[in-house]
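Enquirer: no FASTA, just this:
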């Protein structure tokens, strides 16, 4: 079964605090970044698959902000999370510093971006979030879910169509779709952590 959201579909209006953050960000773009250190090399496709799964758990990772209406509203984003790849060995601190200087447009969304940094023996993934969709605590939950998804990813496995389709809004809550969401990385994959 394929689920398709059009850009015109409203998810919901921004709440009072979200509107305040959105108005502030309209004049003073500010976002934040979190870093996951992975103890193995990963291809660009691996975090792309993992991020699709994480977007299914966190619906606001799939939205843009439409400011054209009298009341700002979340709309479904037009595409997946953009993943850039930095040169191997680039310090993650330099990537984070660069991410803080690049404003995040409210449209077309989603309001998250990722940078994969290959390292000599592993990888780093920098996730940058717009404050309209989450704060640092929610961002850490996303990073935890991303690391858990990467733990379960097999580089050679081909995703099935069902894995690529996020559940519809109003579908089963995230807690019913996974049983051990916050137990941390799977044993045997020590060294994968958020910075």
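Expert: Ah, there it is. Computed from a predicted model, the values in this text were never measured in an experiment.
Enquirer: residue boundaries of the helices in this protein?
Expert: Shown for the chain, the helices assigned by DSSP state H span residues 16-27, 45-57, 92-101, 136-152, 161-164, 174-177.
Enquirer: deepest of those, which one?
Expert: For the helices of the chain, average neighbour numbers computed from mean count of other Cβ atoms under 10 Å are highest in helix 45-57, which has a mean of 21. C-beta here means a position set from N, CA and C on the backbone, and glycine is covered the same way.
Enquirer: tell me the average confidence for that helix?
Expert: Average pLDDT, helix 45-57: 94.
Enquirer: the inter-axis angle of that helix versus helix 136-152?
Expert: Using axes from the mean of the first three to the mean of the last three Cα atoms, to 10 degrees, the direction of helix 45-57 lies 130 degrees away from that of helix 136-152.
Enquirer: is it true that residue 149 touches residue 54?
Expert: Yes - the pair residue 149 / residue 54 is scored as a contact, 5.9 Å apart, by Cβ atoms under 8 Å.
Enquirer: ok so, going back, residue 119: which of the helices of the chain is closest?
Expert: helix 92-101 (8.7 Å; Cβ to Cβ).
Enquirer: what's that closest one packed up against?
Expert: strand 31-38, strand 112-118, strand 123-130 (3 or more Cβ pairs under 8 Å, 6 or more residues apart in numbering; DSSP states H and E).
Enquirer: kindly recompute the last result at 6 Å.
Expert: strand 31-38, strand 123-130 (3 or more Cβ pairs under 6 Å, 6 or more residues apart in numbering; DSSP states H and E).
Enquirer: want to throw the ones you listed into a markdown table with distance to residue 94 and mean neighbour count?
Expert: Shown next, in a markdown table, are the helices and strands packed on helix 92-101 (distance: least, Cβ to Cβ, whole Å; neighbours: other Cβ atoms under 10 Å):
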| stretch | distance to residue 94 | mean neighbour count |
| --- | --- | --- |
| strand 31-38 | 12 | 20 |
| strand 123-130 | 10 | 24 |
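Enquirer: fine, thanks again, bye for now.
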